[in-house]
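Participant: requesting a structural model of the entry that follows:
(2 chains)
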There are 2 protein chains.
Amino acid sequence: MNKYHQVTPAVLTALQAIVGEKYVYTDRDKCIPYECDEGVGKEYIHMPEAVVLPADAAQTAAIMRLANRERIPVVPRGAGTGLEFGAVVNEFGGIILSTERMNRIVEIDAERLYMVVEPGVVTAVLQEEAEKQGLLYAGDPCSGDSCCIGGNAATNAGGNRAVRYGTTRDQIYSIEVVTPTGEITTFGSRLKKVSTGYPLEKIIIGSEGTLGIITKLTLRLVPLPQHTAHILAVFPSVDTALSLVTALPKEGIEVTCLEFMDHEVIRVVGQYLDEKQPYADQNGNYMIIQLDGKSEADLDDGCIAVDEVCRQCGAMEVFAADAAKVWKVRKVFTEASAAECPVAAMEDFVVPPDQLKELLDQLQAVGRTQHISFRGVSHAGDGNLHLDVLRRGFTEEESQEKVEAFEDTAYRIVYSLGGRISGEHGIGQKRKKWLARYTDPVALQLMKAVKKAFDPNGILNPGKLFDME
Amino acid sequence: MNKYHQVTPAVLTALQAIVGEKYVYTDRDKCIPYECDEGVGKEYIHMPEAVVLPADAAQTAAIMRLANRERIPVVPRGAGTGLEFGAVVNEFGGIILSTERMNRIVEIDAERLYMVVEPGVVTAVLQEEAEKQGLLYAGDPCSGDSCCIGGNAATNAGGNRAVRYGTTRDQIYSIEVVTPTGEITTFGSRLKKVSTGYPLEKIIIGSEGTLGIITKLTLRLVPLPQHTAHILAVFPSVDTALSLVTALPKEGIEVTCLEFMDHEVIRVVGQYLDEKQPYADQNGNYMIIQLDGKSEADLDDGCIAVDEVCRQCGAMEVFAADAAKVWKVRKVFTEASAAECPVAAMEDFVVPPDQLKELLDQLQAVGRTQHISFRGVSHAGDGNLHLDVLRRGFTEEESQEKVEAFEDTAYRIVYSLGGRISGEHGIGQKRKKWLARYTDPVALQLMKAVKKAFDPNGILNPGKLFDME
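Facilitator: This is a model prediction of the structure:
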């Protein structure tokens, strides 16, 4: 039984009174863009009863008070670039609360190294604004050109630079939050350390819009690195390439990015770009390394050290790479992969980086047994493996069953290696079955108890991450 | 009305059955060491009804199940080196659960850079064990010789190296936890990134033993820096010295430690050690800087850069310092200060580092108005100011009232500058009045709701951080 209520004409009138008539969508045409995200899974496409676009925290709070009183589900949504259908309405119905109008950069303080932004700012836009002042916002999801910072916070997005700078959570000093019951508060503060009560911002970030709606963020900035090198190291095997992952930190070498692409991926990308990639015909496996230095001399020393470690690990060749060229190869992967063969599922496994080799070995065995083809790229430095499961050898109709069998086995392996379902995409609706299956029941029960503490009526993004009893 | 029950002979028998007779203390002599911590405040000294020393998580869980059933408060305690009476029984009575027997280093993995320890391991001991394998455990509270890692996690301890490496929370991959209802689970994992449910370890760490009892910790290690310099920069004024705090990060210089001592502190320490300190007779103010380098050349470059920035900020002289000598001056402060004048209160203010100057200015004005003398040292790099309020010009009896008036004003200033009550000592019992006064009510209410979610009967360390309704 659905404990939630529908959006009535009276509720629509109340919403219009809060945000203005033109910012409440109910027309099918205007709602269609909000019925899905960028993930794979037709069964999750769901039309919202209404889409509401508040201008600020006060309007957001008024919407939440109304929804909480009327028991109407509210699904917060940024740019809709998620992959797990976390920002899409589900069987409970309800409204999409889009943050797209809250898209101001409020302040950049170049002296004190922080910026204050609203959740609807596109990540690349705030990166560029920071860069104009010689500063780096270090969060760097691959979808930076289209995703927005509120969504980055909601999923604790990672990306290429997470190896060095950490994930989105690590970039955030504080967040203004509207609670599920419609109150406005701030968690965190612009501090380097603090021990004054529970740091609830740490769990709101990454909660995929289930604990509160973020309406403002204070972000950490760092001076823009002035000296950067991009290195392409080519290895004869997956194993030799991945041995670099533990070898670099052991030598105390801090790289900014460490991305892995195997020979099959190189082949597919080369074909898609119609460009011959170095060592593609010798089954070369790539490690793309970005290194930042304090000075030219420091960078040179760093490059020499990286070169040495690569060769010790068995690299066939280590190139000083052209940034645009080498990153294009990495970034075009998703597109190239989908062009060559339909993608049945996109995985976001994460394991301790030293377990990547073992994970890949075991997955290969599963692939052979279950007749599943896949290929993937890896943010290898942080143990995150994006795997495209290909729809090859089975039909679209058979897809769900095949993928499910594969995922069940794969997650069992991932957890046995100390890993988790998702490194940076989140759980949303698609992975909640697996979260329930593989999370320790005591830990899961406490997560639900915390959800209940924040959202007693369960109206904020219900049925995401887990089902409440 | 006390909703809790007393420890009856039947309960004692049950406790003995869990941990063995010799690990349940009720004798006054054996319980006395557990009635206080290292903080100032006679009124908080309180004898526990019993002290229990479990050997492991299973025994800890059995104790919690018993206590939860019988509604008996349990106060987890490490080495008892806290300053805010967080690990001491209060008016609710109950038992101390000491982690001192859980003091094993379970594993050090030098290849994968982590170690697994029990909560009762003394911080310095695990630092030394890591060091023997060429590794650094980067957490570094000033009480490292006596405090234990469980307590570090409970208070999210900081210390000298927090500027570079973060606080204790940043050193922890995962924790095994016994919940208030006596279940055992693990939060977190040995991952560099993850987005798989709520990271509850982030709030258990720093919750001062109110959400769960940590029974095992997996800690992050880094290669031991091979090239370290200690620099003493002497400044003609507090303002010039503190300008270094923003100047260094702006230049992209990452220091490992950045400690501030003003001329009055230098005088008191010099007197105590009976050693003339450089520039003491010219009212010199010190910044002690530790810098780590990847190589001798890198370290030299770093030192030159630091020297330059110090001089731009107005340093009178910049010395390459003898580590033992310069750190002795810093570390002896608490002792030296107490020897010169009784200490009425020890503060742990934290503000954005760029607000330290403003904080000190405003505090000086309060001191003049309220006739309060104080002196302090600062982990300046992270905006943390330890202030000793001196019992000078008033009696011990008047102390409480004087301190209270000062703290009320001081915290108002701290919060107005974006700061918080405690940077690293925590709230315990002593500061909970101020937490209630200065925390946004919505945020405070959510903290209490989370506490309730973890501990429905409120038996784990009740009356710490805040009072439940």
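Participant: the strand or helix carrying A:Ile214: which residues count as buried?
Facilitator: In the assignment (DSSP states H and E), A:Ile214 maps to strand A:213-220. For strand A:213-220, the neighbour count (16 or more other C-beta atoms under 10 Å in any protein chain shown) marks A:213-220 as buried. (Each C-beta comes from the backbone N, C-alpha and C, glycine too.)
Participant: restricting to C-alpha, output it in PDB.
Facilitator: Extracted in PDB, the C-alpha atoms of strand A:213-220 (Å, rounded to 0.1, in the frame of the first residue of the first chain):
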ATOM      1  CA  ILE A 213      18.500  19.100   0.200                       C
ATOM      2  CA  ILE A 214      21.700  21.000  -0.100                       C
ATOM      3  CA  THR A 215      21.000  24.700  -1.000                       C
ATOM      4  CA  LYS A 216      24.500  26.200  -0.600                       C
ATOM      5  CA  LEU A 217      28.000  24.900  -0.400                       C
ATOM      6  CA  THR A 218      31.300  26.400   0.800                       C
ATOM      7  CA  LEU A 219      34.100  24.800  -1.200                       C
ATOM      8  CA  ARG A 220      37.800  24.500  -0.500                       C
END
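Participant: poorly predicted segments of the stretch 151-300 of chain A, please.
Facilitator: Applying pLDDT under 70 to the stretch 151-300 of chain A picks out no residues at all.
Participant: could you pull out the helices for it?
Facilitator: For the stretch 151-300 of chain A, helices defined by DSSP state H, counting those that start in this stretch occupy the ranges A:162-165, A:168-171, A:201-204, A:238-250, A:263-273, A:296-312.
Participant: want to throw these into TSV with distance to B:Ala449 and mean neighbour count?
Facilitator: Formatted as TSV, the helices of the stretch 151-300 of chain A follow (distance: least, C-beta to C-beta, whole Å; neighbours: other C-beta atoms under 10 Å in any protein chain shown):
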stretch	distance to B:Ala449	mean neighbour count
helix A:162-165	31	24
helix A:168-171	22	24
helix A:201-204	13	24
helix A:238-250	39	21
helix A:263-273	47	19
helix A:296-312	48	17
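Participant: and of those, who's closest to chain B?
Facilitator: Between chain B and these, the tightest spacing by C-beta to the nearest C-beta is seen for helix A:201-204, at 3.7 Å.
Participant: stretch A:387-402 near chain B anywhere?
Facilitator: No. Using C-beta under 8 Å from any C-beta of the partner chain, stretch A:387-402 stays clear of chain B, coming no nearer than 15.8 Å.
Participant: in this structure A:Ala453 contacts B:Val450, no?
Facilitator: Yes. Because the distance of 5.3 Å satisfies C-beta atoms under 8 Å, A:Ala453 is recorded as touching B:Val450.
Participant: list the buried residues of the lengthiest helix in chain A.
Facilitator: Identified as the longest helix of chain A according to DSSP state H is helix A:396-416. For helix A:396-416, the neighbour count (16+ other C-beta under 10 Å) marks A:399, A:402-403, A:406-407, A:409-411, A:413-415 as buried.
Participant: quick check, the residue in the stretch 251-400 of chain A closest to chain B?
Facilitator: Nearest residue of the stretch 251-400 of chain A to chain B: A:Asp382, at 3.6 Å (C-beta to the nearest C-beta).
Participant: look up the closest residue to A:Ala453, ignoring the ones flanking it.
Facilitator: B:Ala449 (3.7 Å; C-beta to C-beta, 6 or more residues apart in numbering or on different chains).
Participant: what's the burial count for that neighbour?
Facilitator: Residues lying near B:Ala449 (other C-beta atoms under 10 Å in any protein chain shown) number 16.
Participant: so it lies in a helix, does it not?
Facilitator: Yes. Assessed by DSSP: H, G, I helix; E, B strand; the rest coil, B:Ala449 belongs to a helix.
Participant: tell me where the stretch 351-469 of chain A has helices.
Facilitator: Counting by DSSP H, counting those that start in this stretch, the stretch 351-469 of chain A has helices at residues A:356-370, A:396-416, A:432-438, A:441-454.
Participant: want to throw those helices into JSON lines with mean pLDDT?
Facilitator: As requested, the helices of the stretch 351-469 of chain A are exported to JSON lines (pLDDT from 0 to 100):
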{"stretch": "helix A:356-370", "mean pLDDT": "97"}
{"stretch": "helix A:396-416", "mean pLDDT": "96"}
{"stretch": "helix A:432-438", "mean pLDDT": "97"}
{"stretch": "helix A:441-454", "mean pLDDT": "98"}
